[in-house]
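Fold the following for me, if possible:
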Amino acid sequence: MPSEIAEGIKTNDKFFIPGSSLKGAIRTSLLYNLINADDIPEDIVQKRSGKYRIKRGACDNFINKIFSAPKGNSAQNSIMRFLQISDSTVAKFPHVYDLKTIKAKPTGTFEDHGRNGRVIKTYVETIGRKTSLKFSLNNTVNDDVLNRIGIEDKKYLISLKNIKESIYNFSNDIIDHEIEFYEEYDRPSIKKTYEKLSKWNKLDKPLIKLGSGSGLLATSIALKIKNEDIQRFEEIRQSFRRSYEYEFPKSRKITSTDLPLGWVQLSFAEPK
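Residues are numbered from 1 along each chain as shown. Here you go, the predicted structure:
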């Protein structure tokens, strides 16, 4: 039995998904679905003293222009303010997985992250597979309020139709990328899992990736840039402290039985 198990997010010793986590993932999906690599300003990545750096302020300004009014407080004037998502209902019991980090090698295979010849494993509490949780989503908004703030043209962003399409498209691109990734580095067991996920990802019931182990590609628009502007992606890669020319990102967290983490299928029901 492991001496330490990383605990999941709980309330009264019961497990749940925070509404803020789901809303953040939806926001990333909306952004990914809305923009093209050509839309991203040149000054987001700058080269100084021979090294590339990502300008966080420029990134924030770019995103604020998409979701918020041109003037005023970007948080108060953001269309995302009007998308309200509750915490999920609770799961009574956790499922404990032992996790390891696998790293792609330039030889086209993987190695397990370890130390002194031993694979390093961590043990974590998770919400188990096939667990069904509920949450509420409210995107009702007053048109007069949007007109007064100056974001009436952004109302469609939080429509249920656009939310579903954005999540579906984003997850579809991630899944396709991971299928190619695990094929290139010869991990057929995980590739097969992602092929199943591809079939489960549907426009009316899209998959979304949440929680620990989501990684760069599921929490940013990096994959959009990688697919559309490889030179810009190369600059972003070099801005990270540790990166690798043959593959970036090269690491994945998986269970000891070769399962990826964090995939959730959403089902939307009309209010009664």
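
any low-confidence regions in the stretch 151-272 of the chain?
272 (pLDDT under 70).

got the buried residues for stretch 66-73?
Using 16 or more other C-beta atoms under 10 Å as the test for burial, stretch 66-73 gives 66, 67, 68, 69. Every residue, glycine included, has its C-beta placed from N, CA and C.

Residue 210: neighbouring residues, count only.
Residues near residue 210, counting by other C-beta atoms under 10 Å, number 19.

Need the nearest residue in space to it, chain neighbours excluded.
Spatially, and ignoring its direct neighbours in sequence, residue 210 is nearest to residue 262 (5.1 Å; C-beta to C-beta, 6 or more residues apart in numbering).

Closest one of the buried residues of stretch 66-73 to residue 5?
Nearest to residue 5 among the buried residues of stretch 66-73, counting by C-beta to C-beta, is residue 67 at 37.7 Å.

So that closest one is in contact with residue 80, correct?
Yes: Residue 67 is within contact range of residue 80, at 5.5 Å (criterion: C-beta atoms under 8 Å).

For the two, list the residues in contact with both.
Shared contacts of residue 67 and residue 80, defined by C-beta atoms under 8 Å, 6 or more residues apart in numbering, comprise residue 27.

all strands of the stretch 51-200 of the chain, in order?
All strands of the stretch 51-200 of the chain, identified by DSSP state E, counting those that start in this stretch, fall at 51-54, 84-85, 95-104, 110-112, 114-115, 118-119, 121-126, 137-138.

Next, find the distance separating residue 229 from residue 123.
40 Å (C-beta to C-beta, to the nearest Å).

Residue 164 too?
35 Å.

For these two, indicate the residue with more neighbours.
residue 164 (18 against 14).

do you know how far that one is from residue 146?
21 Å.

Apart from its chain neighbours, what residue comes closest to residue 209?
Using C-beta to C-beta, 6+ apart, the nearest residue to residue 209 is residue 218, at 4.2 Å.

What is the neighbour count of that neighbour?
By other C-beta under 10 Å, the residues close to residue 218 number 23.

Tell me which other helices or strands the top helix by length along the chain touches.
Ordering each helix of the chain by length in residues (DSSP state H) puts helix 160-184 first. Secondary-structure packing of helix 160-184 (3 or more C-beta pairs under 8 Å, 6 or more residues apart in numbering; DSSP states H and E): helix 19-34, helix 188-200, strand 207-209, helix 215-218, helix 222-228.

now with 6 Å?
helix 19-34, helix 188-200 (3 or more C-beta pairs under 6 Å, 6 or more residues apart in numbering; DSSP states H and E).

Compare those helices and give me the one nearest residue 155.
Taking those one by one with C-beta to C-beta, helix 19-34 is closest: 12.7 Å.

to the chain's geometric centre, what's the distance from the closest one?
Its chain's C-alpha centre lies 8 Å from the corresponding centre of helix 19-34 when counted by C-alpha atoms, centre = their mean, to the nearest Å.
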